[in-house]
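**Student:** build me a model from this:
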Amino acid sequence: MKFVNLVAFTAAAAALSSVSEAQEKPPRNESRIIVAGQRTQFYAWYSLNPDCSPKEPVTLRVLKQPANGVFEHMPGQGFPSSAADSKLQKCSLDRRDGTLFFYTPKAGFVGTDQLEAEVINSTGQSVKLRFRLTVK
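**Tutor:** As a prediction, this is how the structure comes out:
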C-alpha cells in the first residue's frame, strides 16, 4: 500500500513540476541602439497603480551581465509609455519614479551585446527581460 502511495505521490509531483515549468514565461525580448563610447540610458521600468501613484518598490536581479560593457540600474524619473488604450496612458504626461537602465560599452567596442534581467515585485511575480544592445 505504501508503494502505491509513493507512486501516486511521485506522479503528482512530476505533474506539478511540468505545470510550473510550463507556466514560466519566456523573457521579453527588447532591442536598443547604444551610442559607442558613452553611457546611455536605454530602458526604464515603472510600477504604477491606475491612478499613477507608485506601487511597491521592485527588485531587479541581473541574470546575465553584458560581455562588452557595463550594465547599471538605479532609481530615477522619466515619462512612462503605455498603449494608447491603456488605463495608464495618462501617467505618461508627468515624470514618474521608476528604475532606469544604463549601459556603457567598453572603450572601442562596436557591435552587439546582450544582457538579461528579472524584475520582481513584493508578491514574487516577475518579468524576465532580454536586451539586445547594438552599439554604433
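
**Student:** buried stuff in stretch 98-107?
**Tutor:** For stretch 98-107, a neighbour-count test (16 or more other C-beta atoms under 10 Å) marks Gly98, Thr99, Leu100, Phe101, Phe102, Tyr103, Thr104, Pro105 as buried. Using the backbone N, CA and C atoms, a C-beta is placed for each residue, glycine as well.

**Student:** which of those residues fall in helices?
**Tutor:** Judged by DSSP state H, helices contain none of those.

**Student:** contact partners of the stretch of helix or strand Glu116 belongs to?
**Tutor:** Using DSSP states H and E, Glu116 falls within strand 111-120. Outside strand 111-120, the residues that touch it by C-beta atoms under 8 Å, 6 or more residues apart in numbering are 27, 34, 45, 58-69, 71, 73, 99, 101, 103, 105, 126-135.

**Student:** buried subset of the residues you listed, written for PyMOL?
**Tutor:** Selection of buried members from these for PyMOL, criterion 16+ other C-beta under 10 Å:
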select buried, resi 34+45+58+66+68+69+71+73+99+101+103+105+128+129+130+131+133+135
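
**Student:** circling back: make a markdown table out of the buried residues of stretch 98-107 and add distance to Ser86.
**Tutor:** Compiled in a markdown table, the buried residues of stretch 98-107 are given as follows (distance: C-beta to C-beta, whole Å):
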| residue | distance to Ser86 |
| --- | --- |
| Gly98 | 16 |
| Thr99 | 19 |
| Leu100 | 21 |
| Phe101 | 21 |
| Phe102 | 26 |
| Tyr103 | 27 |
| Thr104 | 32 |
| Pro105 | 33 |
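
**Student:** I'd like these as JSON lines, with distance to Pro50 and pLDDT appended.
**Tutor:** Formatted as JSON lines, these follow (distance: C-beta to C-beta, whole Å; pLDDT from 0 to 100):
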{"residue": "Gly98", "distance to Pro50": "16", "pLDDT": "93"}
{"residue": "Thr99", "distance to Pro50": "20", "pLDDT": "94"}
{"residue": "Leu100", "distance to Pro50": "23", "pLDDT": "95"}
{"residue": "Phe101", "distance to Pro50": "24", "pLDDT": "97"}
{"residue": "Phe102", "distance to Pro50": "29", "pLDDT": "98"}
{"residue": "Tyr103", "distance to Pro50": "31", "pLDDT": "98"}
{"residue": "Thr104", "distance to Pro50": "35", "pLDDT": "98"}
{"residue": "Pro105", "distance to Pro50": "38", "pLDDT": "98"}
